[in-house]
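K.L.:
Here is a sequence with its predicted model. Questions after.
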Amino acid sequence: MPIKHTKKMETWVTLKLCFNAETVLILLIRRIRIVTSLC
């Protein structure tokens with residue numbers, strides 16, 4: 001892997017991690033809403 005692409009890969013990985021974190025957060029909020037509506 002050329003050194004050129006290292007920074008691009010880092011950015012891509014960071015974006016992917018941020019997106020995954022956002023998705024997990026949305027799923028958690030959805031689950032909490034379902035639980036609170038049942039109570």
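P.N.:
Here it is on my side, so go on. Numbering: from 1, shown residues only.

K.L.:
Tell me, how many residues neighbour residue 28?
P.N.:
10 (other CB atoms under 10 Å). Any C-beta I mention is one placed from the backbone N, CA and C, and that applies to glycine too.

K.L.:
ok, the residue most central in space within the chain to residue 26 distance?
P.N.:
Nearest to the geometric centre of the chain sits residue 20, at 1.7 Å (CA atoms, centre = their mean). Separation of residue 20 from residue 26 (CB to CB, to the nearest Å): 11 Å.

K.L.:
Residue 6 too?
P.N.:
Using CB to CB, we find residue 6 at a distance of 31 Å from residue 26.

K.L.:
on that earlier part again, and the helix or strand where the residue nearest to the centre of the chain lies, how far out from the chain's middle?
P.N.:
Per DSSP states H and E: residue 20 is located in helix 4-38. Distance, stretch centre to chain centre, for helix 4-38: 1 Å (CA atoms, centre = their mean, to the nearest Å).
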